[in-house]
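Student: 3D model of this:
(chains A and B)
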Amino acid sequence: MSNHEHEHQQPPQAIRAEALESLLIEKGLLTPDAIDEVIIRYGERVGPLNGARLVAKAWCDPVFRQQLLEDGTSAVADFNFEGGQVEKLVVVANTEQIHNVVVCTLCSCYPWAVLGLPPKWYKDPAYRSRIVREPRVLLAEMGLALAPDIEIRVWDSSAEIRYMVLPLQPGESVGEDEAQLVERVTRDSMIGVAVL
Amino acid sequence: MSGNSVEPMPLEQALSPPMANGELLFEAPWQGRVFAIARILCEQGLYHWDDFRKALIRRIDDWDQNQQRDEPYAYYDHFLAALTDLLEDKALFDLSELTSRDALLNQRPHGHDH
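Tutor: From the prediction side, this is the model:
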């Protein structure tokens, strides 16, 4: 176990978490190794790189792009991503006129298998409420100033449906191969708080 | 908290593989362990993820309704509380077991907690 700090006082939550873990281990419901394995899984193998692969492929392959937009769940199934929570994945495409952005207003629902775990701000009350109330203002504060004539569509994730944004391909990247394109795709562009 | 705390990603980062985008997945080790515990128990079939989600929404909603404005929002505090609620609800343990274990861990002399 590596979660003990030699500090004079640990926060009560850290103690509570440790108490919970030790009780569950005693009851035979957990092992410390299983916990380490999950942390490594989400830290190293489940992440936005998976989503970036989808985006790059969609940019290169119009047939795949259409499949991804029509039925994200089955288009993604062949990739065998770990991480769960893509029972129903809906991919929404940005266009020159429409910008999409994703939120979970109630908690923190997020397409883990394609984007990994959500960033801290995604879970914060400020983002959850303001992106619905004043998306243009909030996006501008986050560094994305959209022209007034661009329509913003906000997608509220739920237990049943997780959303991911298919960003517009940067003009200068046309002609690059899929591997090069993957490197251009950022997590934030797939949440819709940035463009490429 | 305001949206001002959200920092746009610097352009040069856009070229690196977007694995974690330079952010820590968890701010403290206990958060990662609690997340992992919640996933493992779900994968073992002790509950559906949606049960956990509902417990989490309840805790977050409580905070939204009764928030102290000077108290920063701490997502994983709610996550931990929701997991505890759910496990109690599923009768995997009762709160008194947990609080007495808490007390026991708190009594450890400093530096002897391994």
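Student: okay, CA-based contacts and neighbour counts for the rest of this
Tutor: Fine.
Student: can you list the weak-confidence ranges in chain B?
Tutor: Counting by pLDDT under 70, chain B has low-confidence residues at B:1-24, B:68-70, B:110-114.
Student: swap the cut-off to 80 and go again
Tutor: Across chain B, residues meeting the criterion (pLDDT under 80) sit at B:1-25, B:27, B:67-73, B:108-114.
Student: what does chain A give?
Tutor: Within chain A, the stretches falling below the threshold (pLDDT under 80) are A:1-9, A:43-46, A:82-87, A:159.
Student: Which parts of it are strands?
Tutor: Remark: strands of chain A, listed N- to C-terminal, are A:89-93, A:98-103, A:151-156, A:162-166; assignment by DSSP state E.
Student: What ranges does chain B have for its helices?
Tutor: Listed in chain order, the helices found in chain B under DSSP state H are B:29-43, B:49-66, B:75-89, B:95-106.
Student: Redo these as a markdown table? Include distance to chain A and mean neighbour count.
Tutor: Converted to a markdown table, those look like this (distance: least, C-alpha to the nearest C-alpha, whole Å; neighbours: other C-alpha atoms under 10 Å in any protein chain shown):
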| stretch | distance to chain A | mean neighbour count |
| --- | --- | --- |
| helix B:29-43 | 5 | 20 |
| helix B:49-66 | 6 | 17 |
| helix B:75-89 | 7 | 20 |
| helix B:95-106 | 6 | 15 |
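Student: quick one: A:Val132 from A:Val90, how far?
Tutor: 19 Å (C-alpha to C-alpha, to the nearest Å).
Student: contacts for stretch B:65-76?
Tutor: Stretch B:65-76 has contacts (C-alpha atoms under 8 Å, 6 or more residues apart in numbering or on different chains) with A:123-125, B:1, B:31.
Student: do stretch A:14-25 as well
Tutor: With C-alpha under 8 Å, 6+ apart as the test, stretch A:14-25 has contacts from A:30-32, B:30-31, B:33-34, B:37, B:80, B:84, B:98, B:101-102, B:105-106.
Student: between those, which is nearest A:Gln10?
Tutor: Distances from the contacts of stretch A:14-25 to A:Gln10 were compared by C-alpha to C-alpha; the smallest belongs to B:Asn106, at 8.9 Å.
Student: wait, what's in contact with that closest one?
Tutor: If a contact means C-alpha under 8 Å, 6+ apart, then B:Asn106 has A:Ile15 as its contacts.
Student: that older thread, so which of the helices of chain B gets nearest A:Gln10?
Tutor: Put simply, out of the helices of chain B the one that sits nearest A:Gln10 is helix B:95-106, at 8.9 Å, with distance taken as C-alpha to C-alpha.
Student: Report the inter-axis angle for the closest one versus helix B:75-89.
Tutor: Here the directions of helix B:95-106 and helix B:75-89 differ by 130 degrees (axes from the mean of the first three to the mean of the last three C-alpha atoms, to 10 degrees).
Student: Check the offset of helix B:95-106 from the chain's centre.
Tutor: 18 Å (C-alpha atoms, centre = their mean, to the nearest Å).
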